[in-house]
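[1] Generate coordinates for the sequence data below:
(one chain, ligands or ions: 2)
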Amino acid sequence: MQIYKVGGAVRDRLLGKPVTDIDWVVVGATTEEMLAKGFRPVGADFPVFLHPKSGEEYALARTERKSGRGYGGFTFHASPEVTLEEDLIRRDLTINAMAEDDQQNLTDPYHGQRDLEARLLRHVSPAFAEDPLRVLRVARFAARYAGLGFTVAPETLELMRQLSESGELEALTAERSWKEISRALMEDQPQVFIQVLRECGALKVLMPEVDALFGVPQPEAHHPEIDTGVHTLSVLEQAARHKQSLTVRWACLLHDLGKGLTPKEEWPRHIAHEHKGLKLIKAVNERFKAPKDCQELALLVGEYHTHGHRALELKPSTLLELLQSFDVYRRPQRFEEFIAACEMDARGRKGLEQRSYPQADYLRGAATAARSIAVQPLLERGFKGPELGEAIKRERLKALKTYKEQA
Ligand code: ATP
Ligand code: MG
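    Ligands and ions are numbered 1, 2, ... in the order given. Below you'll find the predicted structure:
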């Protein structure tokens, strides 16, 4: 049997990028031979094994053919006769379809190296269209390598467009989509992911609520970039620049969905967009079965981001309601993430990227003030149950009044 390094490990070595996980392909072997060598079988779908020591993935060379809709609709064929070239041609991009032996001899039948130099994300063969997940993968790689100058080849973008129009994207499971979306959001330029999806028409299918923001104007005084879609991309860009968590980035992407619902007559104002957007945020959350922390923060940021921006003008009672809504006493981290998302929203505006955001420290101070009230004296005065709750709230309100006066 011959063993080759494939995919990302070869690509990233040639790019001079750190290689984190290595995928291997095994040519000329049977499942029985692999088991005899101590490899552990994984995955019900394909003949993939884990190395007994390194734990890295070794896949038997295989060919694939589409036999129905969706991910289940694939038949594969793995046998010792399948050649390396046959295995490589089923891969998504030419830069992902190179293999290397233990002497670093490159097998590159589909010119991945040429496309690496040309900085092009190009599909290997027309079979690209057989798996709609590849639309998301290409957009994700575009987000990852945009900084190196990579773009999607026009003919690949055209295939992605056809795939998006075919209805095939709808066959993707929430789990497969979320895996790509969450990884893409954590790349250096997540806004490129959304942009590429939009260019090929996939955004309209996957997240019509986000797609609808493009072409919707906002008041120029607060939003020199005017367009709500452009603003959303800038907020995402800022979130990546400031190394925010996935939760914050997800909330950034969805924070303004309500603006897509504003009747044209009301443009460029968006009255109550925060509240109107909640049902859309909920729909997107559920469509991709986003993790609970992502879902929660997106809804909270959607509802309260304007409160964040107006923090210094809020009445103590409104400030208290805000802190209560976040349950900041038990969930301080979530409130920090809210503040971060608001700050990214404020900076994700043309020419305002470097502005200061005093609201952040003001909100932190308010949380500290509300948190530091003394409960013991209330217990000593005999408050219990709901009455104790009310008494605590009164104390917090007092503390916030003092805080606001002194700020
Ligand atoms: P990463 O750095 O994100 O791990 P990668 O290229 O190694 O990038 P993997 O998801 O680990 O990506 O997949 C390994 C290889 O398997 C890819 O380089 C590609 O050749 C192939 N591959 C993975 N998923 C698909 C797919 N859906 N369609 C076609 N080829 C795929
Ligand atoms: Mg990999």
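[2] Show me what residue of the stretch 1-150 of the chain gets nearest to ligand 2.
    Relative to ligand 2, the nearest point of the stretch 1-150 of the chain is G8 (3.7 Å; CB to the ion). (Each C-beta comes from the backbone N, C-alpha and C, glycine too.)
[3] do the same with the stretch 151-300 of the chain
    Closest point on the stretch 151-300 of the chain to ligand 2, by CB to the ion, is R183, at 10.8 Å.
[4] Enumerate every residue touching that residue.
    Contact analysis of R183 by CB atoms under 8 Å, 6 or more residues apart in numbering lists R140.
[5] who's in contact with the spatially closest residue to S245 that is not a sequence neighbour?
    The shortest distance from S245 to any non-neighbouring residue, by CB to CB, 6 or more residues apart in numbering, is to E337 (6.7 Å). With contacts defined as CB under 8 Å, 6+ apart, the neighbours of E337 are 245, 247-248, 251, 297.
[6] now E337: how far from E199?
    Separation of E337 from E199 (CB to CB, to the nearest Å) stands at 30 Å.
[7] Doesn't P386 lie inside a strand?
    No. Under DSSP: H, G, I helix; E, B strand; the rest coil, P386 sits outside any strand and is assigned helix.
[8] Near it, how many residues? Count them for me, please.
    P386: 8 surrounding residues under other CB atoms under 10 Å.
[9] what's the pLDDT at it?
    P386 is assigned a pLDDT of 95 by the prediction.
[10] Does A360 touch I339 like I think?
    Yes. Under the criterion of CB atoms under 8 Å, A360 makes contact with I339 at 5.0 Å.
[11] So which of the two has more stuff around it?
    Between A360 and I339, counted using other CB under 10 Å, the more crowded position is I339 (23 against 17).
[12] wait, what's in contact with the more buried one?
    Applying CB under 8 Å, 6+ apart to I339 gives the contacts 308, 359-360, 363-364.
[13] Pop out the phi and psi values for it.
    The phi/psi pair for I339 (degrees, to the nearest 10) reads phi -60, psi -40.
[14] Return the per-residue confidence for it.
    You'll see I339 listed with a pLDDT of 98.
[15] cool, and R69?
    R69 is given a pLDDT of 65.
[16] Please apply the same query to R65.
    Per-residue confidence (pLDDT) for R65: 81.
[17] burial count for it?
    Other residues near R65 come to 12 when the count uses other CB under 10 Å.
[18] from what I can see it touches R90, true?
    No. If you go by CB under 8 Å, R65 and R90 don't touch, sitting 9.0 Å apart.
[19] contacting residues for Q238?
    Q238 neighbours (CB under 8 Å, 6+ apart): 252, 344, 347-348, 353.
[20] Can I get the buried ones among these as something I can paste into ChimeraX?
    Of the contacts of Q238, the buried ones can be selected in ChimeraX as follows, counting by 16 or more other CB atoms under 10 Å:
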select :252,344,347,348
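[21] mind putting the contacts of Q238 in CSV, distance to ligand 2 included?
    Below are those laid out as CSV (distance: CB to the ion, whole Å):
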residue, distance to ligand 2
C252, 27
M344, 29
R347, 33
G348, 31
E353, 33
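[22] Would you agree L93 is in contact with L120?
    No. Using CB under 8 Å, L93 is not in contact with L120; the gap is 9.1 Å.
[23] Can you tell me the SS state at the residue of the stretch 151-300 of the chain closest to ligand 2?
    Assigned with three-state DSSP, R183 falls in the helix class.
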